[in-house]
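**Student:** Just need the structure, nothing else, for what follows:
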Amino acid sequence: MEGVYRIVIEFSRLVVAYAPSILYTPPMRTVLILYGGKSGEHEVSLRSAASIVTHLQPRYRLLLVGITKEGRFYLQPEAYPSQVAAGKIEALAIEEDPGRKVSLIPGEGFVCNGSLLPVDIVFPILHGTFGEDGTIQGLLETLDLAYVGAGVLGSALGMDKEMTKRVWAQEGLPIVPYFTLTSVEWKEKGQPAAQFADPLGYPVFVKPACIGSSVGISKVKEPKDLKQALERAFKFDTKVLIEKGIDAREIECSVVGNHNPIAFTPGEVVPSHEFYDYEAKYIDPKGAELKIPAEIPWEKQTQIKELAVKAYRSIGVEGFARVDFFLERSTGTVYLNEINTIPGFTSISMFPRMCAFDGLAYAELLDRLIQLGLERYQNRKNLSYDYLQDTHQ
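**Tutor:** Numbers count the residues shown, from 1 in each chain. So this is what the prediction gives:
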């Protein structure tokens, strides 16, 4: 009977969580999709954006703005979205037509050839630096445009693994022991990294603090390999984390919502590589097995979902995110690993698949995220930014 009660409780939770999405019929809105970006995860963005375009077309009017690796914005041809959807293109391209270069006017929006682009909401699908770190979110706030996903603070904190861990630790949430080292401390002051790594015990993971998709991460098994791992990590960031390596299963959990976020049934990543590195995620087709749901007890699922919501809310994330965990094999202890505020969004990516497992299909998920972005924008528009006018009323 306990299993039946659990099914009933979960069904009730899902109905309450998704009722607004189920009843909501979105009007024909114009969605501007930002993709590409000046980031080590540029190619991942091209794939995520193609999947989103395929599922949004033709329910929305789409404008595509590709950002090159040099940071230049280009409006793509009007027919491109329908071509992508019809041709099942796995990765978008960026056509760099000088006549379609996009400029920006604060308080107004995107401009191409002297005309303001009609935009209801922006969907930034920009992974990593200059897209997931609060920079593009700050730009969109300055342009006074609604956008999908986390705001400036949540994005910036979520991108910086050290600051995320600091907040989580302050909130009493479980994190893996770590130390932080900056390039100035290491290269200019000659601070030995071994003094951080040795107390943790080997193996340790060395990772750039503000890069996603496992870019620049190394697993260090012996002290002699520490220098090479640091040199690699410092190519991508000026701050790196040295983190205790634990023998653990990798569990992930999708979260969606603004003020009342909902966590979805967790999934598990089972890498065929030594750990879930960039190659395992995006290059090797057999790099990892993705299991949904994760084969863990109900009580552990519940614990992970509760921790995911707490982790999400504690750093001010809104819209959506994927929260990643370690489940230590020997003890069953759950540790927070990191949060990804713009996770991979291909049709086989874990984030949409975990949502779909609980009944929120890919297309409806996109509708919900757009709705959440518009709601947050309207809430901010209702705020007063004129102190003098307020005092005279």
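
**Student:** can we go C-alpha only for contacts and neighbour counts from here?
**Tutor:** Noted.

**Student:** Residue 224 - how many residues pack around it?
**Tutor:** By other Cα atoms under 10 Å, the residues close to residue 224 number 10.

**Student:** Make sure it is indeed in a helix.
**Tutor:** Yes: using DSSP: H, G, I helix; E, B strand; the rest coil, the assignment for residue 224 is a helix.

**Student:** so where does residue 102 fall, helix or strand?
**Tutor:** Taking DSSP states H and E as the definition, residue 102 sits inside strand 102-105.

**Student:** Run through who's touching that strand.
**Tutor:** 72, 73, 74, 75, 110, 111, 112, 113, 143 (Cα atoms under 8 Å, 6 or more residues apart in numbering).

**Student:** By neighbour count, which of these wins?
**Tutor:** Within the contacts of strand 102-105, most neighbours by other Cα under 10 Å means residue 75, with 26 neighbours.

**Student:** That one and residue 97, how far apart?
**Tutor:** To residue 97, residue 75 is 8 Å away according to Cα to Cα, to the nearest Å.

**Student:** out of the contacts of strand 102-105, who's nearest residue 217?
**Tutor:** residue 72 (28.1 Å; Cα to Cα).

**Student:** can you pull out the helices in the chain?
**Tutor:** Along the chain, the stretches classed as helices by DSSP state H are 2-23, 42-56, 80-87, 135-143, 152-159, 161-170, 183, 194-200, 226-234, 278, 298-314, 350-357, 362-381, 387-391.

**Student:** Find the nearest non-adjacent residue to residue 307, please.
**Tutor:** Nearest residue to residue 307, sequence neighbours excluded (Cα to Cα, 6 or more residues apart in numbering): residue 173, at 7.6 Å.

**Student:** cool, residue 255 as well?
**Tutor:** residue 263 is the one closest to residue 255 (Cα to Cα, 6+ apart), at 4.4 Å.

**Student:** from what I can see that neighbour touches residue 301, true?
**Tutor:** No: counting by Cα atoms under 8 Å, residue 263 does not reach residue 301; the two are 10.3 Å apart.

**Student:** Comparing those two, which residue is more hemmed in?
**Tutor:** Legend: neighbour count by other Cα under 10 Å for residue 263 and residue 301, higher for residue 263 (26 against 20).

**Student:** contacting residues for the more buried one?
**Tutor:** 253, 254, 255, 256, 305, 306, 308, 309 are the contacts of residue 263 under Cα under 8 Å, 6+ apart.

**Student:** so how far is stretch 88-102 off the chain centroid?
**Tutor:** Its chain's average C-alpha position is 23 Å from that of stretch 88-102, according to Cα atoms, centre = their mean, to the nearest Å.

**Student:** The residue nearest to residue 319 when sequence neighbours are not counted: neighbour count?
**Tutor:** In space, and not counting its chain neighbours, residue 319 is closest to residue 149: 4.3 Å by Cα to Cα, 6+ apart. When neighbours are counted by other Cα under 10 Å, residue 149 registers 29.

**Student:** Could you do the one 4 residues further on as well?
**Tutor:** Neighbours of residue 153 under the rule other Cα under 10 Å: 18.
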